[in-house]
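K.L.:
Dropping a prediction and its sequence here:
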Amino acid sequence: MARGYLSLITKNLIIAVAIAILFFYFCREKCEDFLDCNASCTRVDFKGGKCYPPLYQFCCCET
């Protein structure tokens, strides 16, 4: 029974992180396509950027 609650909490946490990133960040192409995600974002007039969990797949720029 505890495993079921833990699984539900984990799933909800991942969804909450994804929603927060969508509202406060503009995610661009894959991180592997950029040598420096932060520099790439600041070049196009964002505050900065980095690759965010859970998968660290996309370069997300802070608005």
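P.N.:
Received, thanks. Note that the structure is predicted; figures quoted are calculated from it, not measured.

K.L.:
Against Leu13, how distant is Gln57?
P.N.:
Gln57 sits 17 Å away from Leu13, taking CB to CB, to the nearest Å as the criterion. C-beta coordinates here come from the backbone N, C-alpha and C atoms, glycine included.

K.L.:
and the two? which has more neighbours close in?
P.N.:
The residue with more neighbours, out of Gln57 and Leu13, is Gln57; 14 against 11, by other CB atoms under 10 Å.

K.L.:
Backbone dihedrals for the spatially most central residue of the chain, both of them.
P.N.:
In the chain, the residue lying closest to the centroid (CA atoms, centre = their mean) is Tyr52, at 3.3 Å. Torsion angles at Tyr52 (phi, psi; degrees, to the nearest 10) stand at phi -110, psi 150.

K.L.:
surely it meets Ala18?
P.N.:
No - using CB atoms under 8 Å, Tyr52 makes no contact with Ala18, being 9.0 Å away.

K.L.:
what pLDDT does Thr10 get?
P.N.:
Listed pLDDT for Thr10 reads 86.

K.L.:
what about it, how many neighbours?
P.N.:
11.

K.L.:
now swap in Cys51 and tell me
P.N.:
Residues near Cys51, counting by other CB under 10 Å, number 17.

K.L.:
what's across from it in the sheet?
P.N.:
Beta bridges link Cys51 to Cys59, judged by DSSP bridges.

K.L.:
was I right about it contacting Cys60?
P.N.:
Yes - Cys51 is within contact range of Cys60, at 7.1 Å (criterion: CB under 8 Å).

K.L.:
list residues touching both of the two?
P.N.:
Here Cys51 and Cys60 share the contacting residues Cys37, scored by CB atoms under 8 Å, 6 or more residues apart in numbering.

K.L.:
packing partners for the longest helix seen in the chain?
P.N.:
Taking DSSP state H as the criterion, the chain has its longest helix at helix 2-24. Judged by 3 or more CB pairs under 8 Å, 6 or more residues apart in numbering; DSSP states H and E, helix 2-24 has no packing partners among the helices and strands.

K.L.:
Kindly recompute the last result at 10 Å.
P.N.:
Helices and strands touching helix 2-24, by 3 or more CB pairs under 10 Å, 6 or more residues apart in numbering; DSSP states H and E, are strand 58-62.
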